[in-house]
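Got a predicted model here, sequence first, then my questions.
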Amino acid sequence: MTFPNTTENIAVCARLASASIGKHRILHGIGLDLAPGRWVAVVGPNGAGKSTLLRVLAGLLPCEGRVDLLGRALHDWPSRQRAARLAWLGQTEAGSDDLLAWDVAMLGRLPHRAWLAAPGPADHAAVEQALHATQAWELRGRRLGELSGGERQRVLLARALAVQAPVLLMDEPLAHLDPPHQADWIAVVRALAAGGALVLSVLHELGVALQADELVIVREGRVTHHGACASPDTHRALRAAFDDRVAVHPVAGQWVALPRVPELTASPPRARPEPSHAD
């Protein structure tokens with residue numbers, strides 16, 4: 001399977017023949033060009049291959065094909081340089097429960113420091129900014145194991161933001177977040193995209209995903225559509241990906257996706273048997 005060369009002004013370019021987990025092939029014939037300065041949401045049914053795709057793009061899973069980061073083959077980047085340019089937040093991300101929230105967020109600055117070097121003023125400023133952006137500043141002195149699921153997720157988001165990478169890959173970043181903190185996250189990623197970063201996020205919340213700039217729809221291991229969230233073609237592709245079980249509507253100036261409950265055919269009432277009378 002042959003692919004064209006990476007185009008210019010593309011933050012992430014993927015030309016994948018396949019990707020597998022064990023003996024099970026998950027992805028098939030993926031072609032993606034993702035530009036900087038965009039928030040791109042990845043959606044699709046359960047088991048479609050969304051998380052696998054993100055892990056391949058992050059270099060965490062092998063594949064048959066090629067992934068380019070900022071015009072250079074992903075695996076040609078020295079590890080520290082790559083970690084400074086591509087920030088990752090995985091699904092159900094692990095973290096040391098004994099670390100303070102501040103120290104967890106500071107881990108995002110490791111690619112920018114020499115081995116065993118102490119954090120400098122730029123590192124402190126980046127971590128403070130990230131904790132404020134995720135509304136986690138007040139948690140900075142608490143241990144990760146003491147936090148609720150939503151608080152923990154905000155600290156892990158801060159760790160990814162502290163990298164200040166031009167490409168951010170996030171798998172289910174809204175897990176455990178209540179609606180106000182989801183709104184904060186949307187504001188953060190919009191600001192990042194406006195500043196020139198590429199934010200690629202796997203989301204189950206279709207209403208949030210439709211607020212992105214672009215939607216990548218994955219089904220059965222293939223990208224079935226990649227287009228603007230406001231496009232009618234994207235809305236049709238979204239409905240098709242979920243077997244017409246979702247409907248897309250404009251509400252208060254934005255697009256929302258609502259589940260469509262199939263109509264149940266009412267069964268005719270059973271005829272009640274005539275009562276029997278003893279002779």
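Okay, I see it. Residues are numbered from 1 along each chain as shown.

so Pro173, which of the three states?
Here Pro173 is recorded as coil under DSSP: H, G, I helix; E, B strand; the rest coil.

quick one, phi/psi of Asp98?
phi -80, psi -10 (degrees, to the nearest 10).

Helices of this protein, start to end?
With DSSP state H as the criterion, the chain has helices at 50-57, 79-85, 101-106, 121-133, 149-162, 179-194, 206-209, 232-241.

which residues does the closest residue to Leu139 other than its chain neighbours contact?
Leaving aside its chain neighbours, Leu139 sits nearest to Ala101 (4.5 Å; criterion: C-beta to C-beta, 6 or more residues apart in numbering). C-beta here means a position set from N, CA and C on the backbone, and glycine is covered the same way. By C-beta atoms under 8 Å, 6 or more residues apart in numbering, the contact set of Ala101 is Leu131, Ala136, Leu139, Arg140, Gly141, Arg142, Arg143, Leu144, Leu147, Val155, Ala158.

Buried ones from those residues, can you make that a PyMOL selection?
Here is the PyMOL command that selects the buried residues among the contacts of Ala101 (16 or more other C-beta atoms under 10 Å):
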select buried, resi 131+136+139+140+144+147+155+158
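
wait, which of the contacts of Ala101 is closest to His226?
Nearest to His226 among the contacts of Ala101 is Ala158, at 29.5 Å by C-beta to C-beta.

is it true that that closest one touches Met106?
No. Contact between Ala158 and Met106 fails when scored by C-beta atoms under 8 Å: they sit 9.6 Å apart.

shared neighbours of these two, which are they?
Common neighbours of Ala158 and Met106 (C-beta under 8 Å, 6+ apart) are Val127.

show me where pLDDT drops low in this structure?
Low-confidence segments of the chain (pLDDT under 70): 1-8, 94-95, 264-279.

Need phi/psi at Ala175.
With angles defined as degrees, to the nearest 10, Ala175 sits at phi -60, psi 130.

how near is the closest residue to Gly145 other than its chain neighbours to Pro45?
Using C-beta to C-beta, 6+ apart and skipping the chain neighbours, the partner closest in space to Gly145 is Asp97 (2.9 Å). As defined by C-beta to C-beta, to the nearest Å, Asp97 lies at a distance of 33 Å from Pro45.

Quickly list what the spatially most central residue of the chain is bridged to.
Nearest to the mean C-alpha position of the chain, by C-alpha atoms, centre = their mean, lies Ser201 at 2.1 Å. Under DSSP bridges, the beta-bridge partners of Ser201 are Ala41, Met170.

Against Cys13, how distant is it?
Ser201 sits 18 Å away from Cys13, taking C-beta to C-beta as the criterion.

cool, Gly44 as well?
Between Gly44 and Cys13 the computed distance is 21 Å (C-beta to C-beta).

nearest spatial neighbour of Arg239, skipping sequence neighbours?
Nearest non-adjacent residue to Arg239, counting by C-beta to C-beta, 6+ apart: Val246, 5.9 Å away.

Ok, Trp137 next?
Excluding the flanking residues, the one nearest Trp137 by C-beta to C-beta, 6+ apart is Leu131, at 4.5 Å.

what sits against that neighbour?
Shown in contact with Leu131 (C-beta under 8 Å, 6+ apart): Ala101, Trp102, Ala105, Trp137, Leu139, Arg140, Val155, Ala158.

rerun that using 6 Å as the cut-off
Taking C-beta atoms under 6 Å, 6 or more residues apart in numbering, we find Leu131 in contact with Ala105, Trp137, Arg140, Ala158.

what's the closest of those to Ala212?
Set against Ala212, the nearest of the contacts of Leu131 by C-beta to C-beta is Ala158 (21.0 Å).

Next one: the closest one from Pro262, what distance?
Going from Ala158 to Pro262 by C-beta to C-beta gives 42 Å.

Then Met106?
50 Å.

When those two are compared, which one has more neighbours?
More neighbours surround Met106 than the other of Met106 and Pro262, with 23 against 7 (other C-beta atoms under 10 Å).

Pretty sure Val127 is one of the things the more buried one touches, is it not?
Yes. Contact criterion C-beta atoms under 6 Å: Met106 and Val127 qualify, at 5.2 Å.

so what's Leu74 closest to, chain neighbours aside?
Leu74 sits nearest to Val67 (C-beta to C-beta, 6+ apart), 4.4 Å away.

Surely that neighbour and Ala73 touch.
No. Contact criterion C-beta under 6 Å: Val67 and Ala73 do not qualify, at 7.4 Å.
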